[in-house]
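A.B. asks: Can you look at this prediction? I've put the sequence above it.
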Amino acid sequence: MGRARREHGAQQALDYLALLRSDQHNGSEAFTAVVADGRQWGFLVTDPVMVEHDLFTVLPETATGHFLWRENSPAACRHFLELIGSHQQTPVTGRTLASMFGPDAELSHRVVAVLAQALAARGSSDRPDTLYWEWRRALDVVYGDLDLAEGRLARVVQDAYDMPVSRSVGELLFVLHTYFALVARLVAVEILATGSDDVEFRPTAWRALPDADLLDRLARLDRGDLPGGLDIANLFEADLFSWWLGVADGNSDLLAVLRDLLAALGGLAFPRIVFGPAPAGDVLRDLYQALVPRQLRRALGEFLTPVWLAGACLESLATAGADLADGRVLDPTCGTGTFLMPILTRRVRRLAATGERPDAAAVQAVLNTCAAWTSTPSRSLRPG
């Protein structure tokens, strides 16, 4: 497809979307748009209507730039079919994750209860016990002695999840952090595997695997293995919240809830994030706030920075001369990435502004410009 012809086809698709939205009086609905001539496919990845306009907004200068262009291939055809099929699935947003995996979901009650029972059955100085107390030493520095927050706060967590076992507030918080880290890691791997065409590495394809193979796939994530042979430094790290891997073999209850968790993930529209125009965002923020009851977060002095306040702070930094476009950024208390997300999103979008898929080295270079740390389980997904 020649450059002029490609631009004409892309503009036609954008004009048609605008007309369709006008006729349906629904300007906020996400659409899939694909332009093809038999030799190349153009996938709409920047929908002008869906992009939030702020200091960090980078819109393509041409119609062609709103699309990601791929040579005609079986992979491109598969992306098209997955995009179409994903419209029957649930969009991947913070709200949907909180709804599907938060305390109002029956699945979360079962997962949290099984994890709590597994932790309660730990032996003195075994791996789960060692990792728990390592976590406690770090968290007590941040939150103060968790043993002083017993009683009412422990009951808040137990009531929120209908837990059949009575445990300390420290153990209950450790279990919630473990559950959050597990969901966050599976979501991240599913997105990476979808984007790298590594079907076998998609967690949603693991549900029917034999127990030994399922645990092996999960253990590989803990070792830092990534889909498609990707090499993204510090995307995952072996952490305290993988303690359950050591007790999962032979634990039929734990294996059953893991499979149910994978089945639930299979209902989410991951292709729309990877190949379509679904806007990027901090999808883990709402999930974390839903999982850890507000009373517990307030008692521990844990407050996530509001998105609007983070945006205002970044605008002030830019006005003062900070190089937010290319400068190296450090966030020592990043949480789920409220400050980092808009900075990284802008830098990655700039890579894709040409309409060509950026290579791994270019993406790695962007990730290397940001460093972060946090005491919450989202550190297992930290930029390096």
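C.D. replies: Structure's in. What do you need? Residues are numbered from 1 along each chain as shown.

A.B. asks: Next secondary structure after the longest helix belonging to the chain?
C.D. replies: When the chain is parsed with DSSP state H, its longest helix is helix 169-195. Toward the C-terminal end, the helix or strand that comes next after helix 169-195 (DSSP states H and E) is helix 211-222.

A.B. asks: Show me the contact partners of that next one.
C.D. replies: With contact meaning Cβ atoms under 8 Å, 6 or more residues apart in numbering, helix 211-222 is reached by 185, 189, 201, 203, 206, 209, 236, 238, 242, 245, 248-249, 255, 258-259. C-beta: built from backbone N, CA, C; applies to glycine.

A.B. asks: ChimeraX command to pick out the buried ones of those?
C.D. replies: Paste this into ChimeraX to select the buried members of these, with burial taken from 16 or more other Cβ atoms under 10 Å:
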select :185,189,201,203,206,236,242,245,248,255,258,259
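
A.B. asks: Closest one to Tyr288 out of the contacts of helix 211-222, please.
C.D. replies: Lowest distance from Tyr288 to these (Cβ to Cβ) belongs to Arg185, with 13.4 Å.

A.B. asks: Identify each buried residue in stretch 127-139, please.
C.D. replies: For stretch 127-139, using 16+ other Cβ under 10 Å, the buried residues are 128, 131-132, 135-136, 139.

A.B. asks: Now render those residues as CSV, adding distance to Ala160.
C.D. replies: Listed next are the buried residues of stretch 127-139 as CSV, based on distance: Cβ to Cβ, whole Å:
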residue, distance to Ala160
Pro128, 23
Leu131, 24
Tyr132, 21
Trp135, 21
Arg136, 21
Leu139, 19
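
A.B. asks: What is the nearest of those residues to Leu226?
C.D. replies: For these, the nearest to Leu226 is Leu131 (23.0 Å; Cβ to Cβ).

A.B. asks: thinking again about what came up before, so which of the buried residues of stretch 127-139 are in helices?
C.D. replies: 128, 131-132, 135-136, 139.

A.B. asks: sorry, back to before: distance from the chain centre to the longest helix of the chain, please.
C.D. replies: Taking Cα atoms, centre = their mean, to the nearest Å, one finds helix 169-195 lying 9 Å from the centre of the chain it belongs to.

A.B. asks: tilt between it and helix 211-222?
C.D. replies: Computed by axes from the mean of the first three to the mean of the last three Cα atoms, to 10 degrees, the angle separating helix 169-195 from helix 211-222 equals 90 degrees.

A.B. asks: Quick one: mean pLDDT over helix 169-195.
C.D. replies: Helix 169-195 shows a mean pLDDT of 89.

A.B. asks: and what of stretch 223-239?
C.D. replies: Per-residue pLDDT over stretch 223-239 has a mean of 68.

A.B. asks: Then stretch 41-55?
C.D. replies: For stretch 41-55, mean pLDDT is 73.

A.B. asks: before we move on, back to that, dump the buried residues of stretch 127-139 to JSON lines, plus pLDDT.
C.D. replies: Conversion of these to JSON lines gives the following (pLDDT from 0 to 100):
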{"residue": "Pro128", "pLDDT": "93"}
{"residue": "Leu131", "pLDDT": "92"}
{"residue": "Tyr132", "pLDDT": "92"}
{"residue": "Trp135", "pLDDT": "88"}
{"residue": "Arg136", "pLDDT": "87"}
{"residue": "Leu139", "pLDDT": "79"}
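
A.B. asks: Tell me which two of those residues sit farthest apart.
C.D. replies: Among these, Pro128 and Leu139 lie farthest apart (Cβ to Cβ), at 15.9 Å.

A.B. asks: For Pro358, which non-adjacent residue is closest in space?
C.D. replies: Spatially, and ignoring its direct neighbours in sequence, Pro358 is nearest to Leu351 (4.1 Å; Cβ to Cβ, 6 or more residues apart in numbering).

A.B. asks: tell me the mean pLDDT over the strand or helix carrying the one you found?
C.D. replies: Leu351 belongs to helix 340-351 when assigned by DSSP H and E. Throughout helix 340-351, pLDDT has a mean value of 80.

A.B. asks: How about stretch 373-384?
C.D. replies: 52.

A.B. asks: Strands along the stretch 251-384 of the chain, start to end?
C.D. replies: Listed in chain order, the strands of the stretch 251-384 of the chain (DSSP state E, counting those that start in this stretch) span 329-331, 370-372.

A.B. asks: of all these, which lies closest to Leu115?
C.D. replies: Among the strands of the stretch 251-384 of the chain, strand 370-372 sits nearest to Leu115 (Cβ to Cβ), with 26.2 Å.

A.B. asks: quick check, distance from that closest one to the centre of its chain.
C.D. replies: 17 Å.

A.B. asks: same thing with stretch 262-272?
C.D. replies: 12 Å.

A.B. asks: now stretch 114-128
C.D. replies: 27 Å.

A.B. asks: now do stretch 100-112
C.D. replies: Worked out by Cα atoms, centre = their mean, stretch 100-112 lies 18 Å from the chain centre.

A.B. asks: end to end, how far does that stretch reach?
C.D. replies: 14 Å (Cα to Cα, to the nearest Å).

A.B. asks: phi, psi of Leu300?
C.D. replies: Dihedral pair for Leu300: phi -90, psi 0, per degrees, to the nearest 10.
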